[in-house]
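> Following is a predicted model, sequence given first.
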Amino acid sequence: MAPPSPDALLELALLCDEIFDDEETLKKFECSKKRCGRESGTSISSIEASLHSKVLSELCTLDSATDTATDISFKKIHEHMRFGGSDNTGLEHLYSNHWMKPKKLNLVLDLDHTLINSSYIEDLTCDEIHLVDQASTTKDAGSLHRLDFNDCSMLLKLRPFVRQFLEEANTMFDLYVYTMGTRDYAAEVVKILDPENKYFTSKVISREDCTQSGVKALDIVPGSKACTIILDDTLSVWTQEDRENIIEIWKYNFFASSSPDSYSSCKTLTQKRTDEREADGTLASILSVLKDAYWEFLLMDDEQSGLQPDFRRILKEMRNEILRGCLLAFTGVPPRRGWISLWQVAEQLGAKCSTLVDSSATHVLAVHCSPSVAEWALENGKFLVHVNWLESARFLWRRPREEEYLLPTRS
Ligand SMILES: [Mg+2]
């Protein structure tokens, strides 16, 4: 069968757009079109034609299997095309169940410091102990829960936005829990996160299931690595070969017993008497990244592109766009901040790095800097930002507003 003409594709595209009656789906579709058009230089109409050619091929397949299908005819677009049924439900089914989710795409979720934070009640501080009275012992919608199992009592805090995150992620991916916690602990936490057993069913992997002691690996997650994304706060717990699949998330340290790592050597959230924001906090930002990656995957999943979709490549490319065009001059970063590590992070985010503070720099990164450098940055219109600006870019997957991280330029 000859491929449909561009005019035919365009006409089908117009027809199909009428079927996008779900606002959220339409929004995602439009975002992806814009993103792909911007990055690849491909015109929007050709992407649209490409996307709809997928539908076209599916419809043609249906046509050959259902000779009597005549209620909705696409013959005017392509002579061999017909689509059966008394309404559009068949076509909607294609969009919602096949085209929208063409392969088994996996999202592997860590628990501790990623979706939740927990503490033994005996480890709570004087300032935290009152939270026990606020905690629920049932599987209600609250964010604080008490867990009593295996002779231990714990307080569990859900990360803000986690319920909406799971609900939306579940529309794109098959969700797995993968924790280094025990099987009993994982089961208790999953009862809180997924009280109706909608997301994880039996897809919970715990310490006892690991094939290598103390190491997480994708070898026990069904499906292709190319179709899998991991969300975890700790890269080092994964095998080296699986780290390309990871979106590293900012540690959720709510309770004081959580030991901050070198990157967040600040007070925990209870000590600061605050919490992450729901609407634009860490999980909301990561959900946005996942949506972008998901749609990139679908757009790549096109025979015409010649590329096999692979989340590892998609994440690398997305990461490499975050600080593209920035030239960072590092100065006054103490060793404990992991100077070399920050440099590597910046390059992964697409920035160029230098230790020379000169006119080519767009940003001067420091924890503290000398008055002369501060004066130079001010006179030359350079951003003088704290290294936390880079850490925010790393974890939020966007270029943060410099104004929120400026170091003083005058003493
Ligand atoms: Mg963790």
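That came in fine, so what should we check first?
> in the chain, which helix or strand is least confident?
Sorting the helices and strands of the chain by mean pLDDT, DSSP states H and E puts strand 72-73 at the bottom, at a mean of 33.
> Need the pLDDT of Trp376.
Listed pLDDT for Trp376 reads 89.
> Tell me who's in contact with it.
Taking C-beta atoms under 8 Å, 6 or more residues apart in numbering as the criterion, Trp376 is in contact with 357, 382. Every C-beta, even on glycine, is put in place using the N, C-alpha and C of the backbone.
> rerun that using 10 Å as the cut-off
When contacts are counted by C-beta atoms under 10 Å, 6 or more residues apart in numbering, Trp376 touches 357-359, 361, 364, 369-370, 382, 384, 409.
> check which helix or strand covers it.
helix 371-379 (DSSP states H and E).
> repeat for Phe165
Using DSSP H and E, Phe165 falls within helix 162-172.
> what's the average pLDDT for that helix?
96.
> For it, list every residue counted as buried.
162-163, 165-166, 168-169, 172 (16 or more other C-beta atoms under 10 Å).
> Repeat that for stretch 373-384.
Buried residues in stretch 373-384, counted by 16+ other C-beta under 10 Å: 373-374, 376-377, 382-384.
> what's the neighbour count on Glu403?
Neighbour count of Glu403, defined by other C-beta atoms under 10 Å: 8.
> Make 38 the first number, not 1, from now on.
Okay, using 38 as the starting number, the last item reads as Glu440.
> Pretty sure it sits in a strand.
No - going by DSSP: H, G, I helix; E, B strand; the rest coil, the assignment for Glu440 is helix, not a strand.
> if I look at it, how far off is the ion?
When C-beta to the ion, to the nearest Å is applied, the distance between Glu440 and the ion equals 32 Å.
> That residue against His423, yeah?
No - the pair Glu440 / His423 is not scored as a contact, 11.9 Å apart, by C-beta atoms under 10 Å.
> So what does Tyr157 have for phi and psi?
Reported as degrees, to the nearest 10, the phi and psi values for Tyr157 are phi -60, psi 140.
> scratch that, Leu255 is what I was asking about
According to degrees, to the nearest 10, Leu255 has phi -80, psi 0.
> ok, it touching Asp269?
No - using C-beta under 10 Å, Leu255 is not in contact with Asp269; the gap is 11.6 Å.
> So which residues on the stretch 238-387 of the chain come close to the ion?
Asp270 (C-beta under 5 Å from the ion).
> closest point of the stretch 238-387 of the chain to the ion, which residue?
Going by C-beta to the ion, the ion is nearest to Asp270 of the stretch 238-387 of the chain, at 4.5 Å.
> Just give me the closest of the buried residues of helix 199-209 to Ser239.
Taking C-beta to C-beta as the measure, Ser239 lies nearest Leu203 of the buried residues of helix 199-209, at 16.3 Å.
> Look up how far Asp317 lies from that closest one.
18 Å (C-beta to C-beta, to the nearest Å).
> Make sure Ser391 is actually in contact with Ser397.
Yes - using C-beta under 10 Å, Ser391 is in contact with Ser397, at 7.4 Å.
> which residues do those two both contact?
Common neighbours of Ser391 and Ser397 (C-beta under 10 Å, 6+ apart) are 364, 366.
> can you tell me the helix or strand for Thr184?
For residue 184 the amino acid is Leu, not Thr. strand 181-186.
> show me what contacts Leu184?
Listed by C-beta under 10 Å, 6+ apart, the contact set of Leu184 reads 155, 157-158, 172, 174, 190-193, 221-222, 225-226, 228-229.
> make it 7 Å
Taking C-beta atoms under 7 Å, 6 or more residues apart in numbering as the contact definition, Leu184 lies against 191, 193, 225.
> Same check on Leu344?
So Leu344 contacts Met337 (C-beta under 7 Å, 6+ apart).
> same question, the one 4 residues further on
Each residue near Phe348 by C-beta under 7 Å, 6+ apart is listed here: 263-266, 282, 330, 334.
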